[in-house]
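[1] pasting the sequence and the predicted coordinates here, then a few questions.
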Amino acid sequence: MRPVELNPPTKPSLLELARAWIVVSTQSIGGGPSTLFLMRQQMVERRHWLTHRQFLEDYALSKVSLGINLVALAGLIGSRVAGVRGTAISVVGLLVPAAAITLVLTVGYALVRDSELVRAALTGAGPAAAGMTAGIGLTFMRQTVRRGWRAGIDYGYAAAVVAAGLFLGATPLVVIATGVLVGAAFLRGETSRASGDPGT
C-alpha cells in the first residue's frame, strides 16, 4: 500500500506563492545557503506545498542546470506547485526584490566603503557565510540519515567527489554523470518513505 503523508502538499494561490518568494528574496542575507534554507522553510516546513523528497528532487535537478541553480530551483518549485504561471511568479519573486535591495545597498556601500567601521564589519562576512553553509549541509545530512543503509551511499559518494576534486581535478560534468550512474545502479525503486517523507 502506498504510504500516506502526515502533511500532504497543498496548492497555493498565485498571490500566496508570490508572497512566499518575496519573503525568501528579502530575507536570504548571504546568498546561497540562506536562500536554500528559506526556500525549504517556506515551501516545505511552513506552508507544506512540497514534501521533503520533492524539494530534494528539485534541488538535485537544479544542480544539473546551467547558470544560477537557485533560480532554476525556484522555477522548478513554481512549476510543481502552480504550473507555468507558478514558474514565472517564482522566478520574478525571487529575483526582483533581491535585485532592488542589492541596488540600494550597492549605492549605499559606495558612499561608506572607506570607513574603518565598515571594513571591520566586513571581516566577519567570511566566517558567517561558512557557518551558514555548514548549517544547511547539516540539515540535509539529518534528512539523509532517515534513509537507512542508503545514506551510506550518499556519504560515500560525497567523500569520493571531494577526493576526486582535490586530487584528480574532476570536472562537474564527470561528477554529475557518475552520480547519475550511481543512483541508477543503487537507488532505483526508492520510495518516498525511504527517502525521508513521513508515512504511516
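    Perfect, thanks for sending it.
[2] how much space between residue 53 and residue 12?
    19 Å (C-beta to C-beta, to the nearest Å). In short, each C-beta sits where N, CA and C put it, glycine included.
[3] with residue 160 instead?
    39 Å.
[4] ok, these two, which is more surrounded?
    residue 12 (20 against 15; other C-beta atoms under 10 Å).
[5] tell me the mean pLDDT for the host helix or strand of residue 135?
    According to DSSP states H and E, residue 135 maps onto helix 125-145. Model confidence over helix 125-145, given as mean pLDDT, is 72.
[6] for whatever helix or strand comes next after it, name the packing helices and strands.
    Sequence-wise, the next helix or strand downstream of helix 125-145 (DSSP H and E) is helix 150-163. Judged by 3 or more C-beta pairs under 8 Å, 6 or more residues apart in numbering; DSSP states H and E, the packing partners of helix 150-163 are helix 125-145, helix 172-186.
[7] quick one: which of these is nearest residue 95?
    helix 125-145 (20.3 Å; C-beta to C-beta).
[8] using CSV, write out every CA atom in that closest one.
    In CSV, the C-alpha atoms belonging to helix 125-145 read as follows (Å, rounded to 0.1, in the frame of the first residue of the first chain):
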residue,chain,number,x,y,z
ALA,A,125,31.3,38.1,6.5
GLY,A,126,33.5,35.1,5.5
PRO,A,127,33.1,33.2,8.8
ALA,A,128,29.3,33.9,8.8
ALA,A,129,28.9,32.6,5.2
ALA,A,130,30.9,29.4,6.2
GLY,A,131,28.7,28.9,9.2
MET,A,132,25.5,29.1,7.1
THR,A,133,26.9,26.7,4.5
ALA,A,134,27.8,24.2,7.3
GLY,A,135,24.3,24.6,8.8
ILE,A,136,22.4,23.9,5.6
GLY,A,137,24.7,20.9,5.0
LEU,A,138,23.9,19.5,8.4
THR,A,139,20.2,19.9,7.8
PHE,A,140,20.3,17.9,4.6
MET,A,141,22.5,15.3,6.4
ARG,A,142,19.9,14.8,9.1
GLN,A,143,17.3,14.1,6.4
THR,A,144,19.6,11.7,4.7
VAL,A,145,20.1,9.6,7.8
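[9] work out for me the element the residue most central in space within the chain sits within.
    Among the residues of the chain, the one closest to the centroid is residue 36, at 3.6 Å (C-alpha atoms, centre = their mean). Here residue 36 sits within helix 32-40, counting by DSSP H and E.
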